[in-house]
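**Student:** Below is the sequence, then the predicted model.
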Amino acid sequence: MSDVLLRLPEVIEQVKLSRSTIYRRIEEGTFPRPRALGTGCVRWRQSEIDAWIDTLPIADDPAC
C-alpha cells in the first residue's frame with residue numbers, strides 16, 4: 001500500500017489549524033503523530049490525516 005507523506009505546511013493547509021495547535025493536540029493525543037524521517041525531518045501520512053478528519057463531529061452550526 002502506498003501512502004503520501006505530508007510536510008507540516010501541507011497538513012496545516014488541509015486541517016486549517018495552526019502549527020502550535022497541531023503540536024498541542026499531538027501532545028494531548030488528539031491528533032496523529034508524525035513519522036520521523038531523520039533528525040528534524042517529520043512527515044504525516046495522508047491516510048492518518050484523512051482518518052482524523054473523518055472522526056470530527058458534524059457541526060450543528062456550519063459557520064466557523
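**Tutor:** Yep, it's here.
**Student:** which residues in the protein form strands?
**Tutor:** 5-6, 35-38, 41-45 (DSSP state E).
**Student:** Turn those strands into a markdown table, including mean neighbour count and mean pLDDT.
**Tutor:** Backbone N, C-alpha and C define where each C-beta goes, glycine included. Below are the strands of the chain laid out as a markdown table (neighbours: other Cβ atoms under 10 Å; pLDDT from 0 to 100):
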| stretch | mean neighbour count | mean pLDDT |
| --- | --- | --- |
| strand 5-6 | 16 | 98 |
| strand 35-38 | 10 | 96 |
| strand 41-45 | 16 | 97 |
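**Student:** Identify the spatial nearest neighbour of Leu8, chain neighbours not counted.
**Tutor:** The shortest distance from Leu8 to any non-neighbouring residue, by Cβ to Cβ, 6 or more residues apart in numbering, is to Arg19 (6.5 Å).
**Student:** give me every residue that touches the residue nearest to the spatial centre of the chain.
**Tutor:** Geometric centre of the chain, nearest residue: Ile49, 4.8 Å, by Cα atoms, centre = their mean. Contact analysis of Ile49 by Cβ atoms under 8 Å, 6 or more residues apart in numbering lists Leu6, Val11, Gln14, Val15, Pro32.
**Student:** How far away from the center of its chain is stretch 45-64?
**Tutor:** On the basis of Cα atoms, centre = their mean, to the nearest Å, stretch 45-64 sits 10 Å off its chain's mean C-alpha point.
**Student:** That's all I had, so thanks and see you.
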